[in-house]
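Peer 1: have a look; sequence and predicted model below, questions after that.
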There are 2 protein chains.
Amino acid sequence: MQAGDDLAALIAPEVRGGDVVVIAQKVVSKAEGRVVALDAVVPGAEAMRLANDFGKDARLVQVVLDESVSVIRASHGVLICETHHGFVCANAGVDMSNAPDEDVAVLLPVDPDASAQRIRADLGGSGYGVIVSDSFGRPWRLGVADVAIGAAGIRVLDDWRGRRDAHGRELHATEIAVADQLAAAADLARSKDSREPVVVIRGAGRYITAEDGPGAAALRRPPELDLFR
Amino acid sequence: MQAGDDLAALIAPEVRGGDVVVIAQKVVSKAEGRVVALDAVVPGAEAMRLANDFGKDARLVQVVLDESVSVIRASHGVLICETHHGFVCANAGVDMSNAPDEDVAVLLPVDPDASAQRIRADLGGSGYGVIVSDSFGRPWRLGVADVAIGAAGIRVLDDWRGRRDAHGRELHATEIAVADQLAAAADLARSKDSREPVVVIRGAGRYITAEDGPGAAALRRPPELDLFR
């Protein structure tokens, strides 16, 4: 995948209406040219200090800081950052693995919901759901799980609040993170070392919406509702 | 579902070797008699104080405290607790919705991995994977996603650390929370207000192991590796 590649043209022959298309963030970022050559990065004082503490490449740390509005935790060799988008994740989503060259870092798309909307439109729009996925670590639980960082045409949150359970009692606090669960399901279908950046979920058409909708932005917990920020 | 019900006998006719069976925690808890009648609960001082602050039933809060080793956060009307098992979740997993009676709370199984092992053995053992799932909220992201609180015969974590990406570079920090992703995938197949406590995943046999294995306990991040506890 290279800058300017037409992702939708590559995907279109494999999909049909009613499909949810889950695309790994990295391939979207590369198609959008969201890569930084580390040779061109001059690390500042904070990046130098963190890189020294953590045994990391100071240029890479500078790229992470540039992608962040704040560092939530810097410990255990890990930077947990809030990105410009409002995601909270390790290294602000900046990654070197599967990067095209040794000294290139891949950044998150500037606006992953817009990326998903563009790909959806190119596929034919209504009838398709598109998710841009990334692997995030979690507090309290080991291992990464894929989440939706971008979405178009997906009911990202299924809101059961106020509805009643099978006994007629009101369900509490039940908003289901549908788009994240679709991303997680898709991840089960591929290997991390393969070149399978796209997974098609068939049979989940009930989660597809006519409009692009609010996107994965709707999955970001506002800081004032967050107990861990 | 009632105490003593034989879950495996209900499931067995619907499954075959190679299937992963994902069972909602609540039905497992009820079959194991893990319910508390609130009439029999006498709230202590801390439960009275928290209940008063949060507008909750003090008896229910007492049940939550009894299931917890510590309260990680008490804010926004939510108690985020560490359970005796080591799970960190809202209300220590204690729930009233879909409970059999108005004044009954459903607790997590005493040992959800043992629950999964028993069900697996009853289904025929090797060849099946069993997950006990529950819906957990997440910091930083809205909505709940299902995770595995119990597992048997499942490769719960897929460890890619030290393996190489498609460019030959070592993959970093890539342990995949397979069992959580299977739980999330299963949740997409049912409705919260239906009586569909069991979902069968077919075609995920590569995640099934010959032995019961370490179970979902292996997904609990040790406190010393946790930046948010």
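Peer 2: It's in. Residues are numbered from 1 along each chain as shown, chains lettered A, B, ... in the order given.

Peer 1: switch to C-alpha atoms for all contacts and neighbour counts from now on
Peer 2: Noted.

Peer 1: wait, A:Ala58 sits on A:Val41?
Peer 2: No. The criterion here is Cα atoms under 8 Å, and A:Ala58 misses it with A:Val41 at 9.1 Å.

Peer 1: those two: who's more crowded?
Peer 2: Between A:Ala58 and A:Val41, counted using other Cα atoms under 10 Å in any protein chain shown, A:Ala58 has the larger neighbour count: 23 against 14.

Peer 1: can you give me the helices for chain A?
Peer 2: Applying DSSP state H to chain A gives helices spanning A:7-11, A:25-31, A:45-54, A:58-66, A:112-123, A:178-187.

Peer 1: how about the ones you listed in a markdown table, adding distance to B:Asp6?
Peer 2: As requested, the helices of chain A are arranged in a markdown table below (distance: least, Cα to Cα, whole Å):
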| stretch | distance to B:Asp6 |
| --- | --- |
| helix A:7-11 | 46 |
| helix A:25-31 | 44 |
| helix A:45-54 | 52 |
| helix A:58-66 | 52 |
| helix A:112-123 | 46 |
| helix A:178-187 | 29 |
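
Peer 1: now do the buried residues in stretch A:75-85.
Peer 2: A:Leu79, A:Ile80, A:Cys81, A:Glu82, A:Thr83, A:His85 (16 or more other Cα atoms under 10 Å in any protein chain shown).

Peer 1: pull up the pairing partners for the lowest-mean-pLDDT helix or strand in chain A, direction included.
Peer 2: Within chain A, confidence by mean pLDDT, DSSP states H and E is lowest for strand A:158-159 among all helices and strands, at a mean of 86. According to DSSP bridges, strand A:158-159 forms sheet pairs with strand A:175-176 (antiparallel).

Peer 1: show residues contacting the partner strand.
Peer 2: With contacts defined as Cα atoms under 8 Å, 6 or more residues apart in numbering or on different chains, strand A:175-176 is touched by A:Leu157, A:Asp158, A:Asp159, A:Trp160, A:Arg161, B:Leu142, B:Gly143, B:Val144, B:Ala145.

Peer 1: go ahead and confirm the third one touches A:Ala218.
Peer 2: No. Here A:Asp159 lies out of contact with A:Ala218, judged by Cα under 8 Å, at a distance of 11.9 Å.

Peer 1: higher neighbour count, these two?
Peer 2: A:Ala218 (18 against 15).

Peer 1: OK, contacts around that one?
Peer 2: A:Val156, A:Leu157, B:Leu142.

Peer 1: nearest residue to the second one other than its sequence neighbours?
Peer 2: In space, A:Leu157 comes closest to A:Ala177 once its chain neighbours are excluded; the distance is 4.9 Å by Cα to Cα, 6 or more residues apart in numbering or on different chains.

Peer 1: A:Glu32 too?
Peer 2: Leaving out its chain neighbours, the residue that sits closest to A:Glu32 by Cα to Cα, 6+ apart is A:Ala3, at 5.3 Å.

Peer 1: then A:Leu225?
Peer 2: Distances taken as Cα to Cα, 6+ apart place B:His76 nearest to A:Leu225, at 7.5 Å, with adjacent residues excluded.

Peer 1: and what of A:Glu196?
Peer 2: A:Arg190 (6.4 Å).

Peer 1: I'd like to know which elements the strand of greatest length in chain A is packed against.
Peer 2: What stands out as the longest strand in chain A, according to DSSP state E, is strand A:141-152. The contact analysis (3 or more Cα pairs under 8 Å, 6 or more residues apart in numbering or on different chains; DSSP states H and E) places strand A:141-152 against helix A:112-123, strand A:129-138, helix A:178-187, strand B:175-176, helix B:178-187.

Peer 1: for A:Ile201, name its beta-bridge partners.
Peer 2: Assessed by DSSP bridges, A:Ile201 has beta-bridge partners A:Val20.
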